[in-house]
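J.: missing the sequence, but the structure's below:
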């Protein structure tokens, strides 16, 4: 049986291991940390449970599909329910908006709240859907770096209608062309942060993201986001995938232009194919330092990072739901600070994720567990001790103004994770959440491919390579890798 070695047990690595196991490989996953999940991890603090990483779950079919590969019903192992409210939005002028997952209800309510014609909203959402339908087969489901991808009918259709993809203008310019209300424009601009980019730079094709939320829905997994990776890890173990934790890879072994395994601090692992789920930057700089480096890829601008406060809150806020956004009063300045000044804005947009809203035991009775996040620049050796203190005060002031409270009176527990900590715990270069930023219309084509052009039998998956970061795209990267590797004998 041919052997596959996967470096890193993030969600992309686990998904790749499952797909390769299904294709007949004996698979070993080597992970530097003591746990599976990568950024999708969790912790408990004084009676509160917190998810440490991604907080939005959409397109669950890419998770359940992995169970189906092995003829397993996912429900006994992985349960989730659909959210009726996508997100609650708050502005300091008192404007509040609950975004319904139902498209018709969303249009009706947004039209009323933002005083925009319902017809314009409907047209916007329909065009977003068309963008997705035109490009999903090209940008998300196949390698952009194989000639056969461009010989398909889907590619020809996309090229013939390239004008409607709005690649030549920014997301902000696209949204301004549809709407007049600055609050609604800001609401749709925020989707640039789903790939760690700026709405004033990322191309207008990113307006397809709201369609994904409304068409496929947003969900909450029973047991929290951490349950996504844990259920896949458990499935992989049951299918015979071997995991070696607390074992850091120091070098990918290359002989005669072929990857033949990897060397760790504890052993040498021989393999017929090697897949790196590690961020592509440290993969080359640390594991392939003696090989030719893809200079253009490694010099790409990195995505934004995050500064996250995990707070135990000793009261409940009925006006809040699972996902909540408290918007900055000056969105352009916020992104200017993040991407150009590599600093934090003094009026940040605050994201509140509260999983205790979904029941369970994530917080004591009458309490809530707040995941409080602001977008942040990557780690460029800023003084994060100073920035954490400043950001904490700015966040508290924003929450108090938007919710009419004094939140500091209710904080009973606190843990802080900054870009420097994200970089240290996940090996993500500069703490970037999504690898390279998408602040360029050619960004999708500049991402590292899911295979090496210079080294045979070496592949890449995860958020720092094609098709990008976020749970669905990491799972799709695993699917692309499985389509690229030589087939063995399926189990």
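T.: That came in fine, so what should we check first? Here the structure is a predicted model, which means the values were calculated and not measured.
J.: So for residue 447, what pLDDT did the model give?
T.: Listed pLDDT for residue 447 reads 82.
J.: What is the neighbour count of the residue lying closest to it once chain neighbours are set aside?
T.: Excluding the flanking residues, the one nearest residue 447 by Cβ to Cβ, 6 or more residues apart in numbering is residue 466, at 4.6 Å. Using the backbone N, CA and C atoms, a C-beta is placed for each residue, glycine as well. For residue 466, the count of nearby residues is 25 (other Cβ atoms under 10 Å).
J.: Also residue 425?
T.: For residue 425, the count of nearby residues is 17 (other Cβ under 10 Å).
J.: Repeat that for residue 380.
T.: Close neighbours of residue 380, defined as other Cβ under 10 Å, add up to 12.
J.: quick one, what contacts it?
T.: Residues near residue 380 by Cβ atoms under 8 Å, 6 or more residues apart in numbering: 342, 430.
J.: and if you look at the one 4 residues further on?
T.: Applying Cβ under 8 Å, 6+ apart, we find residue 384 in contact with 418-420.
J.: Distance-wise, check the residue nearest to residue 447 relative to residue 243.
T.: 25 Å (Cβ to Cβ, to the nearest Å).
J.: Equivalent analysis for residue 124, please.
T.: According to Cβ to Cβ, residue 124 stands 45 Å off from residue 243.
J.: So which helix or strand of the protein has the lowest pLDDT on average?
T.: Every helix and strand of the chain was ranked by mean pLDDT, DSSP states H and E. The lowest is helix 153-160, at a mean of 52.
J.: Let me know whether residue 470 touches residue 197 as I believe.
T.: No: using Cβ atoms under 8 Å, residue 470 makes no contact with residue 197, being 11.9 Å away.
J.: Next, show the common contact partners of those two.
T.: residue 434.
J.: Spatially nearest residue to residue 287, not counting backbone neighbours?
T.: residue 252 (4.6 Å).
J.: For that neighbour, list each beta-bridge partner.
T.: Per DSSP bridges, the residues bridged to residue 252 are residue 262.
J.: need the contact list for it.
T.: Residue 252 makes contacts with 7, 259, 261-263, 274, 276, 283, 287-288, 458, as judged by Cβ under 8 Å, 6+ apart.
J.: again with residue 320
T.: By Cβ under 8 Å, 6+ apart, the contact set of residue 320 is 88, 352, 354, 357, 368, 403.
J.: Would you mind measuring from it to residue 370?
T.: For residue 320 relative to residue 370 (Cβ to Cβ), the value is 9 Å.
J.: quick one: common contacting residues for the two?
T.: Taking Cβ under 8 Å, 6+ apart as the criterion, residue 320 and residue 370 both touch 352, 354.
J.: Could you give the number of residues near residue 401?
T.: 15.
J.: centre of the chain versus whatever helix or strand it lives in, how much separation?
T.: Here residue 401, judged by DSSP states H and E, is contained in helix 384-403. Computed by Cα atoms, centre = their mean, to the nearest Å, the chain-centroid distance of helix 384-403 equals 24 Å.
J.: Quick check: phi and psi on residue 405?
T.: For residue 405, the backbone dihedrals (degrees, to the nearest 10) come out as phi -140, psi -180.
J.: Apart from its chain neighbours, what residue comes closest to it?
T.: Spatial nearest neighbour of residue 405, excluding adjacent residues (Cβ to Cβ, 6+ apart): residue 399 at 6.9 Å.
J.: which residues touch residue 392?
T.: By Cβ under 8 Å, 6+ apart, the contact list for residue 392 reads 309, 416.
J.: at 7 Å what do you get?
T.: Shown in contact with residue 392 (Cβ atoms under 7 Å, 6 or more residues apart in numbering): residue 309.
J.: Quick check: it vs residue 426, distance?
T.: 23 Å.
J.: next one: residue 321
T.: Plainly put, residue 321 is 28 Å away from residue 426 if you go by Cβ to Cβ.
J.: ok, these two, which is more surrounded?
T.: Neighbours of residue 321 and residue 426, each counted by other Cβ under 10 Å, are more numerous for residue 426; the result is 23 against 19.
J.: The residue nearest to that one when sequence neighbours are not counted - how many residues pack around it?
T.: Spatial nearest neighbour of residue 426, chain neighbours left out: residue 39 (5.4 Å); criterion: Cβ to Cβ, 6+ apart. Using other Cβ under 10 Å, residue 39 has 22 neighbouring residues.
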